[in-house]
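**Q** Provided below are the primary sequence and the corresponding predicted coordinates.
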Amino acid sequence: MSSTAQYKSGAFDQTLLTMLDRYDQVMNIMLPTLGEERRATYSPFLPISPKTGRVLQVPTLARNFERGTITFEDEDGAKTELPVTGGNVKIQWKPDWALRWTALGVDYEMAGKDLIDSVQQSSKIARALGATPPEGFNYELFLDDQGQKISKSKGNGLTIDEWLTYAAPESLSLYMFQKPKTAKKLYFDVIPKAVDEYLSFIDAYQAERS
């Protein structure tokens, strides 16, 4: 599902209004997790400038629940009032996760172990919005051949397309879903080993059937 489409379609509107109404509760959850500089300007609402179309990370100067709006300073310095509904705002990470869980009725969410803190904070916010956080499962991370965490920015990983160039998707599924709570190295040399393991399972299964 496209997050942008959900914002624009109104699927998130009711939950956005609830977040506006419970703004102080959300802030009380988030502020202790932020550094001093970020706390000074933080708001869960990121307004989209009606003049430039850019998403702005600016403080919320005022809120009006009756009108469903926030007031902020636009890029040209003008104080601007904007509805939080109808795709006029985005929500900051962590409150946004809670927004999606609440609005879409998500009841199960997997996440890597590096997001455990985010899951905890988002769960608190979901409860503040009147929702039950989803059941969860935290899995370990994929590592490169040097044992370092795979990073898109570093480009030290192996893509799905690269794997599927050389091996069947079933071999990738077997590799991914075994021992999800154990960190795994993911680099080219893993592919032939995973294929051999997959084929050995197939052979054992067929032998057992016969």
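**A** Arrived safely.
**Q** For residue 129, see how far away the residue most central in space within the chain is.
**A** In the chain, the C-alpha nearest the mean C-alpha coordinate belongs to residue 97, at 5.9 Å (Cα atoms, centre = their mean). The spacing between residue 97 and residue 129, counted by Cβ to Cβ, to the nearest Å, is 11 Å. Just so you know, the C-beta spots here come from the backbone N, C-alpha and C atoms, and that holds for glycine as well.
**Q** The nearest residue to residue 115 once chain neighbours are set aside: neighbour count?
**A** Setting aside the residues directly before and after it, residue 115 is nearest to residue 138 in space (Cβ to Cβ, 6 or more residues apart in numbering), at 7.7 Å. Other residues within reach of residue 138, judged by other Cβ atoms under 10 Å, total 15.
**Q** for residue 175, same thing?
**A** For residue 175, the neighbour count with other Cβ under 10 Å is 21.
**Q** Was I right to think residue 106 contacts residue 134?
**A** Yes: counting by Cβ atoms under 8 Å, residue 134 is a contact partner of residue 106 at 4.9 Å.
**Q** Give me the residues contacting the lowest-mean-pLDDT helix or strand in the chain.
**A** When each helix and strand of the chain is scored by mean pLDDT, DSSP states H and E, strand 142-143 comes last, with a mean of 83. Contacts to strand 142-143, defined as Cβ atoms under 8 Å, 6 or more residues apart in numbering, come from residues 149, 150, 157, 183, 184, 185, 186.
**Q** what's the closest of those residues to residue 209?
**A** residue 184 (29.8 Å; Cβ to Cβ).
**Q** Next up, the contacts around the closest one.
**A** 140, 142, 143, 175.
**Q** Spatially nearest residue to residue 52 (excluding sequence neighbours)?
**A** Excluding the flanking residues, the one nearest residue 52 by Cβ to Cβ, 6+ apart is residue 75, at 5.8 Å.
**Q** For residue 190, see how far away the one you found is.
**A** Residue 75 is 48 Å from residue 190, by Cβ to Cβ.
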